[in-house]
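Participant: how does the following fold in three dimensions:
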Amino acid sequence: MPSPYRALFAAPGSKGFSAAGFVGRMPLSMMGIGVVTMISQLSGRYGLAGALSATMALSAAAIGPQVSRLVDRHGQRRVLLPATLL
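Facilitator: Numbers count the residues shown, from 1 in each chain. Below you'll find the predicted structure:
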């Protein structure tokens with residue numbers, strides 16, 4: 001039985017797009033634990049570290065859909081550089 005992903009990757013440019021997304025999202029999974037580890041080591045305050053990590057997660061959840069909407073409307077090239085800098 002052929003893989004259902006074969007149809008997804010048949011479109012031109014889809015493999016490169018998927019590979020870039022995979023590499024680009026890799027650090028996101030470690031962001032929360034990295035913030036907790038760094039802040040707790042520097043200040044010794046686990047509450048502050050957890051609060052900062054939660055703030056980052058909630059901010060990403062609130063802002064992510066807005067950035068995605070802008071990308072859909074204006075294109076990646078025009079939106080992602082300013083969004084990254086912000």
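Participant: Gly64 and Asp72: what is the separation?
Facilitator: 13 Å (C-beta to C-beta, to the nearest Å). To be clear about C-beta, it is placed using only N, CA and C from the backbone, and glycine gets the same treatment.
Participant: next one: Val35
Facilitator: Val35 is 29 Å from Asp72, where distance means C-beta to C-beta.
Participant: ok, now Leu42?
Facilitator: Leu42 sits 39 Å away from Asp72 when distances are taken as C-beta to C-beta.
Participant: same check, this time on Gly34
Facilitator: Counting by C-beta to C-beta, the gap from Gly34 to Asp72 is 30 Å.
Participant: retrieve the pLDDT associated with the nearest residue to Ile39 once chain neighbours are set aside.
Facilitator: The shortest distance from Ile39 to any residue that is not its chain neighbour, by C-beta to C-beta, 6 or more residues apart in numbering, is 3.7 Å, and that residue is Ala49. According to the prediction, Ala49 has pLDDT 95.
Participant: which strand or helix spans Ala49?
Facilitator: Using DSSP states H and E, Ala49 falls within helix 46-74.
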